[in-house]
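Student: Give me a model of this one.
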Amino acid sequence: MRIIRYDDAGTVRWGVMDPDGTVRAATGDPYTELVPGDPVGGEVRLRAPVTPSKILCVGRNYADHAAEFGNPVPKEPLIFLKPPSSIVGPGDAVVYPSLSGRLDPEAELVVVIGRPGRRVKAEDAMSVVFGYTIGNDVTARDIQKSDPQWTRGKGFDTFCPLGPWVDTDFDPSDVRVTCAVNGELRQDGRTRDFIFDIPELIAYVSAFSTLEPGDVIMTGTPPGVRPVQPGDTMTVTVEGLGELSNPVVAEDA
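Tutor: Numbers count the residues shown, from 1 in each chain. This is a model prediction of the structure:
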């Protein structure tokens, strides 16, 4: 099932998207029992498909990405947080902040949590997974490098595009993850090359932070990272899951 959130005359509602692209209104709790209803008429604007209490991100989870910035491969998952205020949805603009001189997209597969989990063992980790979506860990690279911690460089408003849906039947074990800018392929990797796989990540983060329904884990980005400029369009694609496109715009003076 592909679960979405969409705009209905200014109110954001839950829905499902059929294989043929038909959007259906839905009722109930998406993490326990979501019931599809009638088709939604007219053009539908999709919103970010989750409203997480926390966005847990994994740094340097591809060895080639660590190498391209001259960083060592971590011995255990390198975790940081993005604030929920950084989330935008499909087609929404990512704002290039005036405080930064380099903005990088980072294509990622995103795990969506479906039930509470604390100290989850790796062998039980998939039991707390609801589904998967696509993310872009937008980064002000110069600020990330200048600050001892990554909060500011990773946490600007609009720096976490997510979408277009959550697929509850997706197999993430070996899929291609790419980022194209204005149609030009830049990042390219496969999830089989994760340093730490999804069960390991869930076990690691749940050892210190209780996972709640709707929380997301961004699993890391493949090599090929290069900067973007206002006017560019970033498109993150996960094989078999879909694509997420967002334009880059300059911050208003």
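Student: CA atoms for contacts and neighbours, from now on please.
Tutor: OK.
Student: Just list the residues touching residue 90, thanks.
Tutor: Neighbour list for residue 90: 46, 47, 48, 161, 162, 163, 164, 244, 245, 246 [criterion: CA atoms under 8 Å, 6 or more residues apart in numbering].
Student: any chance of those in JSON lines, with neighbour count and secondary structure too?
Tutor: Shown next, in JSON lines, are the contacts of residue 90 (neighbours: other CA atoms under 10 Å; DSSP: H, G, I helix; E, B strand; the rest coil):
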{"residue": "46", "neighbour count": "22", "secondary structure": "strand"}
{"residue": "47", "neighbour count": "24", "secondary structure": "strand"}
{"residue": "48", "neighbour count": "25", "secondary structure": "coil"}
{"residue": "161", "neighbour count": "26", "secondary structure": "strand"}
{"residue": "162", "neighbour count": "31", "secondary structure": "strand"}
{"residue": "163", "neighbour count": "31", "secondary structure": "strand"}
{"residue": "164", "neighbour count": "27", "secondary structure": "strand"}
{"residue": "244", "neighbour count": "25", "secondary structure": "strand"}
{"residue": "245", "neighbour count": "23", "secondary structure": "strand"}
{"residue": "246", "neighbour count": "21", "secondary structure": "strand"}
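Student: quick one: which of the residues you listed is nearest residue 118?
Tutor: Nearest to residue 118 among the contacts of residue 90 is residue 162, at 24.5 Å by CA to CA.
Student: residues near residue 98, how many?
Tutor: Look at residue 98: counted by other CA atoms under 10 Å, it has 10 neighbours.
Student: From what I see, it and residue 251 are in contact.
Tutor: Yes: counting by CA atoms under 8 Å, residue 251 is a contact partner of residue 98 at 6.2 Å.
Student: Which residues does the lowest-mean-pLDDT helix or strand in the chain contact?
Tutor: Scoring the helices and strands of the chain by mean pLDDT, DSSP states H and E places helix 63-68 at the bottom, with a mean of 93. With contact meaning CA under 8 Å, 6+ apart, helix 63-68 is reached by 60, 72, 73, 193, 194, 195, 221, 222, 223, 224, 225.
Student: Those residues in strands, which ones?
Tutor: Among the contacts of helix 63-68, no residue falls in strands (DSSP state E).
Student: Out of these, give me the one that has the most neighbours.
Tutor: That'd be residue 221 among those, by other CA under 10 Å, with 33 neighbours.
Student: Now do that one against residue 45, distance only.
Tutor: 27 Å (CA to CA, to the nearest Å).
Student: What are the boundaries of the helices in the chain?
Tutor: 63-68, 141-146, 151-155, 198-206 (DSSP state H).
Student: quick one: the shortest one to chain centroid distance?
Tutor: This points to helix 151-155. Averaged C-alpha coordinates place helix 151-155 at 15 Å from its chain's average position (CA atoms, centre = their mean, to the nearest Å).
Student: returning to that earlier point: pLDDT and distance to residue 125 added to the contacts of helix 63-68, as CSV?
Tutor: Formatted as CSV, the contacts of helix 63-68 follow (pLDDT from 0 to 100; distance: CA to CA, whole Å):
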residue, pLDDT, distance to residue 125
60, 96, 21
72, 93, 27
73, 91, 24
193, 97, 19
194, 98, 16
195, 97, 17
221, 98, 21
222, 97, 23
223, 96, 27
224, 97, 30
225, 97, 30
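Student: And those residues, which two are furthest apart?
Tutor: Every pair of the contacts of helix 63-68 checked by CA to CA; the farthest is 195 and 225, at 17.8 Å.
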